[in-house]
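Visitor: Fold the stuff below for me.
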Amino acid sequence: MKWLENLERDLQSPLAVRRFGSGWFSGFFGLLLAVTGLCLVVALRWPDWFAMPELAPLRDSSSLRPAVHLILIAGYGLALLSLLLRPRKAIGATALVIALIATLLGGADVQPRETHDWGVFFGVDFFAVNMIVTGLMFAPIERLFPRRREQRLFRQEWREDLFYYLLSSMLVQLITFLALAPSGFINASTGGLAGIRAMVASQPWALQFLEVVLLTDLAQYWFHRAFHRVPFLWGFHAVHHSAKSMDWLAGARMHFFEIIALRSVTSLPLLTFGFSPSVMQAYIGFVYIYSSLLHANLGGDLNWLGRFVATPRFHHWHHGIEAVAVDKNFAIHFPFLDRLFGTHHLPDGVWPSGYGVPENVPQGYWSQFAYPFRRKADAPGGG
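Guide: So this is what the prediction gives:
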């Protein structure tokens, strides 16, 4: 479609014509807010199909509808400003149309419509919350403190990673069901742990959260390392490493089956030992933001902080194309695990020269979905 081609061309405009006052930034943030507003309106209008039960308290709160109203008003205003300032009108016009659609669906005053509940939902509200939190947080920060100044916000492969981001949010129910399907059987078969569960649940909330972060990082370290060392598993993880640019959106590129396996490995032990559900929900929100931070196009060595917690430079080395970066820095939160197990690599003041994998991972979501099953057994592994 001509309109989509114009929108893509406008979003990928050279840095020279994206300066402040050009209308590009107002158009981009207008588009982001308009899409967020539309997602929230859809979730409010058809909650049975497009809303997560876990976010029901947010939807029922008295502050949500005023927030939706402000989001749509801001989207309108920024779209109009972009149309006034920018010779190319694709971004501003698209943002304006999406905001209008959200308004026609009912806007902030939208009321739920009766639907046939099929027992399945798509997490549109979860996608909207994720997008507005991470997008509004990291898109400006990456422009202000970039590691690579020449890298565009809409760099090569951004459409693939945005689709990964959308799909993982929309299919949150299916992913959660598949990951936690064994939890009922495990909990029913471990009645002897009732005392331990009660003790864990009685701990202060902050202590439980810290324990969850430590335990999940230990589990993820070995899970992550296995996906690098076992050739068949590497086929799934190679999809994540195939990104040739690093930014906050690149962390979303993860194979569907790897997401399910990762959530199983990290969530099932926590459920088994009785950690508070609110602690686990808080950890999920935390790890979404922290993962975006680790992949972000952010400069700064942060050597003093990197001794204690993972930083962007630490994780960028995990994605580095250099031979010295292969199978290094598996920890997600705490680098001491890599120092303990001999996989730490963080040379002072040095960043990787590039990112990616030596093998030819195809482009496009569905081609990458099939890649682990079509990959030749003798293809290079690790990364």
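Visitor: How about residue 141, nearest residue that isn't a chain neighbour?
Guide: Closest residue to residue 141 apart from its sequence neighbours, by Cβ to Cβ, 6 or more residues apart in numbering: residue 298 at 6.6 Å. Every C-beta, even on glycine, is put in place using the N, C-alpha and C of the backbone.
Visitor: dump the residue contacts of the one you found.
Guide: Counting by Cβ atoms under 8 Å, 6 or more residues apart in numbering, residue 298 makes contact with 141-142, 145-147, 312.
Visitor: Convert stretch 158-167 to CSV, retaining C-alpha atoms only.
Guide: Extracted in CSV, the C-alpha atoms of stretch 158-167 (Å, rounded to 0.1, in the frame of the first residue of the first chain):
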residue,chain,number,x,y,z
TRP,A,158,12.8,-2.6,13.3
ARG,A,159,9.6,-3.9,11.8
GLU,A,160,10.5,-7.5,12.7
ASP,A,161,11.3,-6.6,16.3
LEU,A,162,8.2,-4.5,16.7
PHE,A,163,6.2,-7.5,15.5
TYR,A,164,7.9,-9.7,18.1
TYR,A,165,7.1,-7.1,20.7
LEU,A,166,3.4,-7.0,19.6
LEU,A,167,3.0,-10.8,19.4
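Visitor: follow-up on the earlier one: looking at the contacts of residue 298, which has the most residues close by?
Guide: The most crowded member of the contacts of residue 298, judged by other Cβ atoms under 10 Å, is residue 312 (22 neighbours).
Visitor: Check whether it really touches residue 293, as I assumed.
Guide: Yes: here residue 312 reaches residue 293: they are 6.6 Å apart, a contact under Cβ atoms under 8 Å.
Visitor: Quick check: which ranges of the chain have low pLDDT?
Guide: 1, 13-19, 51-55, 113-131, 153-154, 169-191, 377-383 (pLDDT under 70).
Visitor: measure the residue nearest to the spatial centre of it to residue 160 for me?
Guide: Nearest residue to the geometric centre of the chain (Cα atoms, centre = their mean): residue 252, 4.5 Å. Distance, residue 252 to residue 160, using Cβ to Cβ, to the nearest Å: 9 Å.
Visitor: Could you do residue 23 as well?
Guide: Taken as Cβ to Cβ, the span from residue 23 to residue 160 is 27 Å.
Visitor: Between those two, which has more neighbouring residues?
Guide: More crowded of residue 23 and residue 160, by other Cβ under 10 Å: residue 23, with 26 against 21.
Visitor: in the lengthiest helix in the chain, what's buried?
Guide: Ranked by residue count, the top helix of the chain under DSSP state H comes out as helix 205-229. Across helix 205-229, burial judged by 16 or more other Cβ atoms under 10 Å covers 208-209, 211-213, 216-221, 223-225, 227-228.
Visitor: and what of stretch 256-271?
Guide: 256, 258-271.
Visitor: and the helix or strand encompassing residue 340, what other elements does it pack with?
Guide: If you go by DSSP states H and E, residue 340 is part of helix 336-341. Taking 3 or more Cβ pairs under 8 Å, 6 or more residues apart in numbering; DSSP states H and E as contact, the helices and strands that helix 336-341 lies on are helix 205-229.
Visitor: got the contact list for the helix it packs on?
Guide: 200, 203, 233-234, 236-237, 258, 261-262, 265-266, 269-270, 275-276, 278-280, 282-283, 286-287, 327, 330-334, 337-338, 341, 343, 381-383.
Visitor: ok, of those residues, which come out buried?
Guide: By 16+ other Cβ under 10 Å, these give 200, 203, 233-234, 236-237, 258, 261-262, 265-266, 269-270, 275-276, 279-280, 283, 287, 330-334, 337-338, 343, 381, 383 as buried.
Visitor: can you tell me which of those residues are in strands?
Guide: Among those, no residue falls in strands (DSSP state E).
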